[in-house]
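What follows is a predicted structure for the sequence shown.
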Amino acid sequence: MPVLEYEKKKINVDDEGYLVNFDGWDEGAARALAAREGIDELTEDRIAILKFIREYYKTYNFFPILNAVCKRVSEPKNCVQEKFMNALVAWKIAGLPRPGEPIISLLEAGQSPG
């Protein structure tokens with residue numbers, strides 16, 4: 001199992017880069033996961049998106065509708081795609097578990113589940 005190191009901490013990810021322990025996420029972990037995905041900087045607006053995605057997932061055990069994410073953090077309606085390339089990358093960086101294939105297919109197509 002791959003291990004990412006940051007700020008003298010270590011986190012486990014699976015072979016596809018998904019965080020193994022949901023509760024092991026913090027902003028440092030997000031930066032390490034983002035770097036693994038080729039994103040050099042996590043700005044305040046990106047962190048706000050990630051935190052909202054995590055809170056929504058924690059509450060409903062499901063990925064939020066993408067336009068709702070953007071509306072909630074006062075960003076344009078395509079903010080997730082603009083800030084993270086695609087929603088699946090945001091999902092990984094937010095430290096959510098690997099979704100099933102139907103959800104992956106929707107996210108890769110730029111569509112929102114639900």
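Arrived safely, thanks for sending. Numbers count the residues shown, from 1 in each chain.

Regarding this structure, what is its longest helix?
helix 44-60 (DSSP state H).

Packing partners of it?
Here helix 44-60 touches helix 27-36, helix 66-72, helix 79-84, helix 87-93, going by 3 or more Cβ pairs under 8 Å, 6 or more residues apart in numbering; DSSP states H and E. All C-beta spots, glycine's among them, are computed from the backbone N, C-alpha and C.

in the protein, what spans have low per-residue confidence?
85, 110-114 (pLDDT under 70).

just to revisit the earlier point, any chance of the helices and strands packed on helix 44-60 in a markdown table, plus distance to S105?
A markdown table is the format used below for the helices and strands packed on helix 44-60 (distance: least, Cβ to Cβ, whole Å):
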| stretch | distance to S105 |
| --- | --- |
| helix 27-36 | 22 |
| helix 66-72 | 15 |
| helix 79-84 | 16 |
| helix 87-93 | 10 |
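
Buried deepest among those, which one?
A comparison of the helices and strands packed on helix 44-60 by mean neighbour count, using mean count of other Cβ atoms under 10 Å, puts helix 87-93 on top with a mean of 24.

what packs against that helix?
Partner elements for helix 87-93 (3+ Cβ pairs under 8 Å, 6+ apart): helix 27-36, helix 44-60, helix 79-84, helix 101-108.

Quick one: closest of those to K92.
helix 27-36 (6.0 Å; Cβ to Cβ).

Only C-alpha atoms, please: export the closest one in PDB.
The C-alpha coordinates for helix 27-36 follow below in PDB (Å, rounded to 0.1, in the frame of the first residue of the first chain):
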ATOM      1  CA  GLU A  27      -5.200  20.300   4.900                       C
ATOM      2  CA  GLY A  28      -1.700  18.900   4.900                       C
ATOM      3  CA  ALA A  29      -3.000  15.500   3.600                       C
ATOM      4  CA  ALA A  30      -5.000  17.400   1.000                       C
ATOM      5  CA  ARG A  31      -1.800  19.100  -0.200                       C
ATOM      6  CA  ALA A  32       0.000  15.800  -0.400                       C
ATOM      7  CA  LEU A  33      -2.900  14.200  -2.300                       C
ATOM      8  CA  ALA A  34      -3.100  17.200  -4.600                       C
ATOM      9  CA  ALA A  35       0.600  17.000  -5.400                       C
ATOM     10  CA  ARG A  36       0.100  13.300  -6.300                       C
END
